[in-house]
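> this one's sequence-less:
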C-alpha cells in the first residue's frame, strides 16, 4: 500500500515541478486582496480584461519583480533614444484596492524626440474623458495630464461613473428606461455630449427616479443643461421615493462648439453626493413637449435622441479601441503618468473625486507591506534575487488565500482549490520567517471544527482522518507534520493545547493504519514525530506516538521529503540555506555561497527553530570568515553544524571557536554538541 | 542574557567542540528527546499585560520652523520701531520648543531669521528636499507675506503665526483660506500649540490602523487623505479570543478600579463586571496582535446573536479615556471621527445616535459607550454611573454625566475626505428610565441650526469645547471638505 502511495507522490511531484517551470508571469497584490498577473511583456491581466502599455517601435520588453517591500513588476522597453518603464503594483486603497500602472517615458537624447505610447484595452471597453468602463463599471482611470488621439461620436457619456442597470424601481406606468441609471460615486458629475448645430437649441428632458432614499434632503441634485441656469432638485422631496418624473429644459449650445452638454452635479452640502440620472430625451426646438407624455414613454419615438442612461443602449462619447498618446519630449525630459486599474471585482476610484496625490498610492502599499514584513524575523542576505524570491513567497501566502470565518488556505491564484502540499509549505514558510500568527491562520483548518460551510469537506473526521486530497495521497501525515511544525516553531503552548485533541486523534488514526501493515513512509515518520512534539508542548507525553516513531525510525534512514515544489519553497529554501533545523541538529550556512558572505554579509535575527530563536551574522573580511551565532541560553542545541563555504575555490584550513582552535570536519564544517548562548567561529582561508 | 550566562554559554560551546564520530553518535541518540516546553516561550498567552497607552500611535513628527522678517532695526511700519524684535523672536521660539517637547515633535529651526529672498529660497529648497510633516512660520514684519506664500507653495502643510502688528486683514484675506495653510493672526500662542497638535494628529492618523471586527472576511485597505490603515477581521475572532480570556488578576483589578471610581452601580452583576473586564483585556491583546491602534466592532450583532455574554461598552469607554478609540457597531467613519477628537484635541469623543427633542428643540445624543475624561485625557474625569447596556440589559455601560453649559463640537466623517461639523451647548442629561434608548444621553442646544431635526448625520462624535474653527483649520490644512447642518430648514 505505501509503496504504491509513494509512486503516486512522485508522479504528483513531477507534475507540480513542470507546472512551476512553465510559470512565466509575476503576480502583484495586497494581503487578502487577491493577485493580479503581469505577463513578461507587461500585459496586466485583470478579471475584466487585459491592459498593456506599449511604446511604439520598441521591439521587446524586459520584465523583473521586486519586493521591497511592495511586490512590484517593472517592465522596460526602448525605441531609439526613448525608453518606457512601467511599474505595476497593488495599492490597497479603501475600500477594495486598485492596481497602479506607473509609466515613465524618457528621452535619453540631447535633442527633442517624439514618441507614441499605446494603451491596449480589452475588447468592448468604453473610454470616457478620464475613465474606461467595462461590464458596467469603471475599470480604468486615465491620466489627467495626457490626452489621447481619438474620435468622438454624435452623442454619449464622457464622465459619470458607473452604469447600474435595473437599479431603480419606478412605480406606475412609465418609460422602461427609468429602471437603469448612471451613478457618479463620490460626487462625480454625470456628463453627456450631444452633437447639435453650432449655437443650436434642443429641448432636453431629464428623467429621474430615486430608489435608494426614502427621506427628503439626502440626495439633492444639480441639473446642468447648457444654455440654461442650473436647477437644483430633490427627487424624493419633489415626487417621493420610486416615483419617476421628468424635467424640461430649453437647452442651447452656448459656447458654439457644436455640442450640447448635459450634466448632473452633486450638491456640495448634501449628505449623499453620489449623483444619479435615469433618462435623457432630446427633441428639436419646434416640438411641443408634455412631460407627462414623455414620462409615459409615448414621446420616445418622436425624440431626436432618447438615452437609456446606464442601460443597454447607452454609449461612450468616444469610439472604442486602443488609446494612443503622442508625446513630444525635450532633451532628457521624462514624462510620468499613472493609470489606475480596477481589481478584485471593485471599481477604480473616480479621478474627479479621489484625493490620492502622486506618491500616496505607493505609500499606502508600502505602509501595509512594511507592517507585514515587520512581524517577521530579520533576514538579510546580499543576494537580491534570492531575497526577492523569499519575500515574494511570503507575500503570496497572504495575497491569495481562500477564507471564510477566520479559516484560510493558500491558493495558487484567486479561486484556486485546496492543496494540502501548498497549505503545509505555506504555513512552514511563514513559521520559519517568524510570521506565526499568519501560519496559525493557515493551519486552523486541520484542527478546529466545525469549519465554515465552504471548507467543511476538508475538516478532520470524527475518526481522526483528514480527507485525502487529489493532489496528495497522504494527507494524514502531512497534516500532522504541518501542525507539529507550527507548534515547534511558534512555541505557542496555548495553541498546542487547543490543537492537541485533533492531533491525538489524527496520530491514532495513522498508527492504526500503519499497524494494519506496511513499513510506513519517511513523511509518516516525520508527521508522527511532529505530532509527538506538539502533544509534548501541550503537556501530553504521547507515549504511543513516540513508540511508533522509534519503531519507524529503526527501519528508515531517509528523512528527505518528497513533497512537490510550490511557491513557498522560495522562502523555505533561503531560510534553510542559512539556518536549517531537523529537530535534532541545527545546521548553519549549509546553502550559503561565497557572494552571500561579502560585505555586508548575512544578518539574521530571531529566526525560529525548534530549539528557540537563533540569530546569525556571517561575513568575510579578507581571508577570515567570521560567524556569530546567538542561540537560546544553556545547552539548548543538541547538535550544531556550521558549514564553511568555499571562498575563491578554497576551503578553510583552520578555525577557532570562542577563540580556541577547532577541528574542521571534511574541510567544510565545524560541529558541536549541547551548545547555547553566543557562539563565535572564525575560519581562515589559505 | 546576563554576562554570567553569556560566559558560561561560551565556555559550554567551546568545551563541546567534538569529532564527527562523536557528533553523529550523540545527535542520533537524541533523535526524539526534545523538551520543547522548556525551550520555547509562550507567545500570546492571556496573562501578558498590555498598557493601553502603548496602543496609541506615537509617530515621529518633524516640523520645520522659520522666523520671517526684514533686517532690523525697524523704522516706522508695523510692527514698529518700538517692537522688541529679538525679544519676541526668542520668546516665540522658546514657546515653540516647549510645545514641541510636550508634544514629542522634532523641530528643525532655521539657523537664523530669514531676512532676504536668498534665505527664503534656500529654506524652500530645503523644505522640498526634506519634506517635513509641517512648517511653522513666525512673522515679524508686515512686509514679508509674499515670503510666507512662497514657503506655503512648497507643498508642506504650513502654519503661519502672525502676532498682532504683522498683518492687516488684506494680507490674509486670500492666503488664509488657501488649502494647506493655517494662518493664526493674534497673540495667543496656545493657538500655535493647537496647530502643532494638528500636525502631530495627522501623523497619528497616518501611523494608525483601525481594526474593524465585522463580517467573515479578512481584508486591509488605506484611507485616502488620512492615510489610516483599515484592517477588517471576521467577527468571530473577537468572540474566540474572548472565550479564551480567563479571569486574570488584571481582569479583577480593572473591575475594582472601575467600581471604586464610579458614583454608583445600578444594574450590573459581578458576572457582568468580570465579562466586561475580560472584553477589555481581550481587546487590548487583539489590537496588539493585529498591530492596531483603534478598533470598531459589530458589537450589537454579537450580542443580538447571543455569541457574546456582554457588549464591550465598558471596555471601549476605558480605552477612550486612555486615548485609544473603541468604536461601536463596526462603523468605520464613526471610529475615524472618534480618532479625530482623540488625536487632534486629546479628548475622548462620544459616538451617538441622534434624537430630536422637538418640544425643547434640542438634540439628544445617546449611546452606551462614553469616556469620562471629557475635559481631556490629562484632566479630571466627569462623574459617572455604572449601568448595563440598555438595549440588552447585560454587561456594563458607563453613564457619564455631562456638564450643563459646556460648549461641544459634533464631528462626523462621511467618507475619508469629508466631514460634518456642528457645535452646540450641553443643557443636561437624560436618564433611563424614564427614557429608553441608551445610558449616556446628553441634551444639546445646537448653534446656528434653527431646528434640531435638521442636524446632519448619524453616529456623530461629540466632544467638549467649541472647536469649530480648529476643525475647519485642520480640514483646510489637509484638504478635507467640511459640511455643516443647514442653518434654516429647507422644505
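Arrived safely, thanks for sending. This is a predicted model, so every value here is computed, not measured.

> And residue A:427, how far from chain B?
Per C-beta to the nearest C-beta, to the nearest Å, residue A:427 is found 16 Å from chain B. The way it works is simple: take the backbone N, C-alpha and C, and place the C-beta from them, glycine included.

> Confirm that residue A:254 sits in a strand.
No: counting by DSSP: H, G, I helix; E, B strand; the rest coil, residue A:254 is not part of a strand but coil.

> Settle this for me: it is touching residue A:224, isn't it.
No: taking C-beta atoms under 8 Å as the definition, residue A:254 is not a contact partner of residue A:224, at 11.3 Å.

> who's more crowded, these two?
Remark: of residue A:254 and residue A:224, residue A:224 carries more neighbours, 18 against 13, as counted by other C-beta atoms under 10 Å in any protein chain shown.

> what's the more buried one in contact with, if anything?
The contact partners of residue A:224, by C-beta atoms under 8 Å, 6 or more residues apart in numbering or on different chains, come to A:189, A:230, A:261, A:262, A:263, A:264, A:265.

> in what helix or strand does it lie?
Following DSSP states H and E, the helix or strand that holds residue A:224 is strand A:221-225.

> How about residue A:496?
Going by DSSP H and E, residue A:496 is in helix A:493-515.

> Beyond the worst-scoring helix or strand of chain B on mean pLDDT, next helix or strand please.
Across the helices and strands of chain B, mean pLDDT, DSSP states H and E gives its lowest value to helix B:36-39, namely a mean of 25. Scanning forward in sequence from helix B:36-39 by DSSP H and E, the next helix or strand is strand B:62-68.

> now the strands for the stretch 351-491 of chain B?
Ranges of strands within the stretch 351-491 of chain B are B:362-367, B:384-389, B:394-400, B:407-415, B:418-429, B:440-446, B:460-464, B:481-483, based on DSSP state E, counting those that start in this stretch.

> What about the residue of the stretch 501-650 of chain A found nearest chain B, how many residues nearby?
Nearest residue of the stretch 501-650 of chain A to chain B (C-beta to the nearest C-beta) works out as residue A:639 at 3.7 Å. For residue A:639, the neighbour count with other C-beta under 10 Å is 22.

> Can I take it that it is in a strand?
Yes: counting by three-state DSSP, residue A:639 is part of a strand.

> Whatever residue of the stretch 51-200 of chain B ends up closest to chain A: neighbouring residues, count only.
Distance from chain A to each residue of the stretch 51-200 of chain B (C-beta to the nearest C-beta) is smallest for residue B:155, at 9.1 Å. Other residues near residue B:155 number 12, with proximity taken as other C-beta under 10 Å.

> now swap in residue B:75 and tell me
Count around residue B:75 with other C-beta under 10 Å applied: 7.

> any idea which element it lies in?
Residue B:75 belongs to no helix or strand, assigned by DSSP H and E.

> Now it. Nearest residue, chain neighbours left out?
In this structure, residue B:75 finds its nearest non-sequential neighbour in residue B:81, 5.7 Å apart by C-beta to C-beta, 6 or more residues apart in numbering or on different chains.

> Against residue B:165, how distant is the one you found?
Distance, residue B:81 to residue B:165, by C-beta to C-beta, to the nearest Å: 12 Å.

> Looking at those two, which is more packed in?
residue B:165 (15 against 11).

> how about the residue nearest to the more buried one when sequence neighbours are not counted, secondary structure?
If the residues on either side of it in the chain are set aside, residue B:165 comes closest to residue B:79, at 3.4 Å by C-beta to C-beta, 6+ apart. Counting by three-state DSSP, the backbone at residue B:79 sits in coil.

> and residue B:79, how many neighbours?
20.

> What are the buried residues along stretch A:594-603?
Residues of stretch A:594-603 classed as buried: A:596, A:597, A:601, A:602, A:603 (neighbour count, 16 or more other C-beta atoms under 10 Å in any protein chain shown).

> Nearest residue to the last one in space, ignoring adjacent ones along the chain?
What that stands for is residue A:603. Closest residue in space to residue A:603, ignoring its immediate chain neighbours: residue A:380 at 4.5 Å, by C-beta to C-beta, 6+ apart.

> just the second one next, same as before
Taking C-beta to C-beta, 6+ apart, and ignoring the residues beside it in sequence, residue A:597 has residue A:620 as its nearest neighbour in space, at 4.3 Å.

> Tell me if I'm right that that neighbour and residue A:602 touch.
No: contact between residue A:620 and residue A:602 fails when scored by C-beta under 8 Å: they sit 10.2 Å apart.

> Name whatever forms a beta bridge with residue B:265.
residue B:386 (DSSP bridges).

> my read: it touches residue B:397, true?
No: between residue B:265 and residue B:397 there is no contact under C-beta under 8 Å: 11.4 Å.

> who touches both of the two?
residue B:386.

> the more surrounded of the two?
Using other C-beta under 10 Å, the more surrounded residue of residue B:265 and residue B:397 is residue B:397, with 34 against 15.

> show me the contacts for residue A:394.
Applying C-beta under 8 Å, 6+ apart, the residues near residue A:394 are A:373, A:376, A:429, A:430, A:433, A:435, A:568, A:571.

> go with 10 Å
A:67, A:372-373, A:376, A:426, A:429-430, A:432-433, A:435, A:438, A:567-568, A:570-571, A:575 (C-beta atoms under 10 Å, 6 or more residues apart in numbering or on different chains).
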